[in-house]
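[1] Fold the following.
(2 chains)
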There are 2 protein chains.
Amino acid sequence: MMDLHHMAALAREAAWSLAATPIEARNRALTAMAEALEDSKAEIFSANEKDLAQAERDQLAAPLLGRLRFGAEKLRQVSEGLYALAELPDPIGQTTMARELTEGLRLYQVTCPIGVIGVIFESRPDALVQIASLALKSGNAVLLKGGREALHTNAALCAVLRQAAEKAGLPRDFAQLLESREDVAAMLKEDGLIDLIIPRGSNAFVRYIMDNSRIPVLGHADGVCHVYVDKAADVPMAIRIAVDSKAQNVAVCNAMETLLVHRDIAEALLPALMTAMTDKHVRLLGDERVRAIIPVEAATEEDWRTEYLDYVLSIRVVDDLAAAIDHINRYGSHHTDCIVTADDEAAQAFLARVDSAGVYRNVSTRFADGFVYGFGAEVGIATGKIHARGPMGLEGLTTYKYKLLGSGQLMAEMKRGERRYTHRTLNESCPMDAFDGGGK
Amino acid sequence: MMDLHHMAALAREAAWSLAATPIEARNRALTAMAEALEDSKAEIFSANEKDLAQAERDQLAAPLLGRLRFGAEKLRQVSEGLYALAELPDPIGQTTMARELTEGLRLYQVTCPIGVIGVIFESRPDALVQIASLALKSGNAVLLKGGREALHTNAALCAVLRQAAEKAGLPRDFAQLLESREDVAAMLKEDGLIDLIIPRGSNAFVRYIMDNSRIPVLGHADGVCHVYVDKAADVPMAIRIAVDSKAQNVAVCNAMETLLVHRDIAEALLPALMTAMTDKHVRLLGDERVRAIIPVEAATEEDWRTEYLDYVLSIRVVDDLAAAIDHINRYGSHHTDCIVTADDEAAQAFLARVDSAGVYRNVSTRFADGFVYGFGAEVGIATGKIHARGPMGLEGLTTYKYKLLGSGQLMAEMKRGERRYTHRTLNESCPMDAFDGGGK
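    I've put the predicted structure just below:
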């Protein structure tokens, strides 16, 4: 067993090397991974059987067992994902700004990988393949820590991905598997080698990471999502969106937890909403004004901050749009919030003022997802505001550098007025692209 | 004296309100600020005299006194900056991606302010105006902590800016001045109200901030910048670039601290370089291979990591380009590094593999600056890789949100196959822009 510092140093070297690889090599590695997973499926399935047997002995709940299972169907999905990812354009080496600073001096802002990323994820082993492949496509190295339950499956998958990368001429150490909680604690100290931590897990876990590392953290804490039914809402549409947002899948971060209702439409909405939610076995809680209209349990202050992830919904009547926005900004988690309204002006105000990664009009909150947004897959959903927001795909795994190409320009010449700034926009890509011959 | 939590809450309210203001109002506030500074110059200059008198009593060094002085010339520069900033395009409300997800459902990635930003800056009072105005233009609120030496000047400037904003119809609490170190410590705990901290200061200070806050930090630690003279360099150009990078201004973060020289060109370069540097009163340190060619003091391992900010330069001879890149990535601070070479392939490898915010070919490292890059001004230079890198102007003060406009689409319909994903790129801006009528 290698120590974490050494693993991080190998990842650092792998990342520096990957940053200068052509897209053809990275895409070749992705298709090689799909082929290698197919070739090694016997070993992978057998490793997964081991994990499943242990999970049954540990009496894991049925939904968790389902997430842990990695059989022929999961393999097919994962392979499809790899081929699709290979088709996407190169996220690195893209010129995002080009400007002449002074005669003969050209500045380019060019996308590049972040470097070394630590990702801590839940028990689903297909997540390992998604994260590692997004990292490789974007030229990053990853240290991966999966759920304890999936240890054998993750080890088998990671070994296959590393071999496939190496066969395609890329450094195998672009992906390495951490095995223990001690490894995670050690990883948090490696701020000299690791550029970013992405924790996927509970709110408390994300806070633990933030409190114990100097490394930047991108993750989502809670998913307390809202639907606000405006006075100008179409009632049947509002009910359909509310039911889908709450009950299509209650165990996900983009499910609605609190429904806000404009007081002018509460009488028309709430009785029909109660019927629809009861059909879906959703237990309702409400404030006093809700309970004056429908017979539900009382919601407390604590409910407004709660991510139930269950068949429970809290409901509040508000005086106006401003009160709804205020409630969402105050109690929400800045994930995804929706207004149902036919009024353009109300929608515009809601979208501008609600301080969340996703602000929706007339559509279920369940659409907040990297695949749905067309990003191929996601490494996580960010609820912070720095770097990336919402579902994070390839773009979230890149940064940029400034490449400045000159012919001997000096600051002393600028200060003496021998040259002047032109700041002329250029319509061209940086002539120095990401690929190089090796650096000897 | 208000407590910090209350100040942060006022900033939060101001930020939510600013996020929905039209660009005309923000630009009007910027020109009103320039006019108000002119109108209040007597009070500002008199406040500055107080600070200068105290600084003289405290025997501050002459360069620090110069930075502290805020007279007619500084006022003119600061006003020009405000008018220029008012001319720049709106950084928020810009659609950066537009996509149809399924029929009638349109996704827009739209730039928006970050929210509340805490900035801790050095004694220069003109920095206060630059930072506050960049924040206002980009729709953010700022909590400002300047140097103790500039307390009276900063208070006078901040009061003028707040009044001008209010007269232009914007919340005066968009800018608030912190007065003590206790305020800074309290600010670091307000992760529920503050979105980002930008510390400008020493390496140790930036680390203190990172270790004591859950709030994301964007700042630059050291500026250990390199010039690498490749074997294919033009020797006179290399010497001119080295002298400008080191000695044009030694006290700034983009000055060179270490010169790397390819062994094949060392004999041709070093004697002439020594003459040029000695003319500028630069003391040279070198490794053994340097000292075999020119008589200089010995550099130690510690020198490779040192930001001198002084008339001192460490020099090392390297075997090849790969060794130069390795030295820079290992000992540097990922700020700005330059290769001097006539060889395109060597330049390409250097630009791809050096892991710094600025990677230069044949130009002085002194060009790493927000004004030079054409950003108007900068709030700081980021040496991390998350969110913003290099000189941070308006763009670094924005993030984005996803606006999703639907007509009742449900996830259940997608799962049942009643609708299908189209993921069609749209060539349009989000029809719901940042401005709104008020939210009643």
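[2] alpha carbons only for contacts and neighbour counts from here, please
    Will do.
[3] Report how many residues lie close to the closest residue to chain B within chain A.
    Residue nearest to chain B within chain A (C-alpha to the nearest C-alpha): residue A:387, separated by 3.7 Å. When neighbours are counted by other C-alpha atoms under 10 Å in any protein chain shown, residue A:387 registers 20.
[4] is it true that residue A:25 touches residue A:168?
    Yes - counting by C-alpha atoms under 8 Å, residue A:168 is a contact partner of residue A:25 at 6.5 Å.
[5] These two: who's more crowded?
    Set residue A:25 next to residue A:168 and count neighbours by other C-alpha under 10 Å: residue A:168 wins out with 19 against 15.
[6] Contact partners for the more buried one?
    A:25, A:26, A:28, A:29, A:32 (C-alpha atoms under 8 Å, 6 or more residues apart in numbering or on different chains).
[7] Centroid-nearest residue for chain A?
    The centre of chain A sits closest to residue A:380, judged by C-alpha atoms, centre = their mean, with a distance of 2.1 Å.
[8] Chain neighbours aside, what residue packs nearest to that one?
    In space, and not counting its chain neighbours, residue A:380 is closest to residue A:392: 5.5 Å by C-alpha to C-alpha, 6 or more residues apart in numbering or on different chains.
[9] Tell me the pLDDT of that neighbour.
    We have a pLDDT of 90 for residue A:392.
[10] now do residue A:196
    Predicted confidence (pLDDT) for residue A:196: 95.
[11] just residue A:437 next, same as before
    pLDDT recorded at residue A:437 is 42.
[12] List of residues touching whichever strand or helix holds residue A:228?
    Element membership for residue A:228, per DSSP states H and E: strand A:225-229. If you take C-alpha under 8 Å, 6+ apart as the criterion, strand A:225-229 is touched by A:238, A:242, A:245, A:253-262, A:265, A:324, A:328, A:332-341, A:365.
[13] Next, check these against the helices and list the overlap.
    If you go by DSSP state H, these have A:238, A:242, A:245, A:265, A:324, A:328 in helices.
[14] neighbour-wise, which of these leads?
    Highest neighbour count within these: residue A:242, with 30 neighbours (other C-alpha under 10 Å).
[15] Would you mind giving me the confidence score for it?
    Looking at residue A:242, its pLDDT stands at 98.
[16] and residue A:7, how many neighbours?
    18.
[17] what do residue A:25 and residue A:168 both touch?
    With C-alpha under 8 Å, 6+ apart, residue A:25 and residue A:168 have no common neighbours.
[18] ok so, going back, CA atoms of the strand holding residue A:228 as CSV?
    C-alpha atoms of strand A:225-229 as CSV (Å, rounded to 0.1, in the frame of the first residue of the first chain):
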residue,chain,number,x,y,z
CYS,A,225,-35.2,23.2,-3.8
HIS,A,226,-38.4,25.3,-4.1
VAL,A,227,-41.3,25.7,-6.4
TYR,A,228,-43.1,29.1,-6.0
VAL,A,229,-46.7,29.2,-7.4
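[19] buried set for it?
    A:225, A:226, A:227, A:228, A:229 (16 or more other C-alpha atoms under 10 Å in any protein chain shown).
[20] Next, give phi and psi for residue A:251.
    For residue A:251, the backbone dihedrals (degrees, to the nearest 10) come out as phi -90, psi 20.
[21] In the buried residues of strand A:225-229, find the pair that's most separated.
    Using C-alpha to C-alpha, the buried residues of strand A:225-229 span at most 13.4 Å, a distance reached by A:225 and A:229.
[22] on that earlier part again, top of the contacts of residue A:168 by neighbour count?
    The most neighbours of any of these, using other C-alpha under 10 Å, belong to residue A:29, which has 27 neighbours.
[23] Now it: which helix or strand?
    helix A:23-39.
[24] contact partners of that helix?
    For helix A:23-39, contacts defined as C-alpha under 8 Å, 6+ apart pick out A:75, A:78-80, A:82-83, A:85-87, A:90, A:133, A:136-137, A:139, A:157, A:160-161, A:164-165, A:167-170.
[25] any idea which helix or strand comes after it?
    Next in sequence after helix A:23-39, counting helices and strands by DSSP H and E, comes helix A:41-57.
[26] which helices and strands does the helix or strand that that following helix is followed by pack with?
    Next along the chain after helix A:41-57, taking DSSP H and E as the criterion, comes helix A:62-68. Using 3 or more C-alpha pairs under 8 Å, 6 or more residues apart in numbering or on different chains; DSSP states H and E as the contact definition, the elements that helix A:62-68 packs against are helix A:41-57.
[27] And the helix it packs on, what's buried?
    Under the neighbour-count criterion of 16+ other C-alpha under 10 Å, helix A:41-57 has A:41, A:44, A:45, A:46, A:47, A:48, A:49, A:51, A:52, A:55 buried.
[28] swap in stretch A:319-328?
    Neighbour count says stretch A:319-328 has A:320, A:321, A:322, A:323, A:324, A:325, A:326, A:327, A:328 buried, by 16+ other C-alpha under 10 Å.
[29] which one of those is nearest residue A:196?
    Checking the buried residues of stretch A:319-328 against residue A:196 by C-alpha to C-alpha gives residue A:328 as the nearest, at 28.9 Å.
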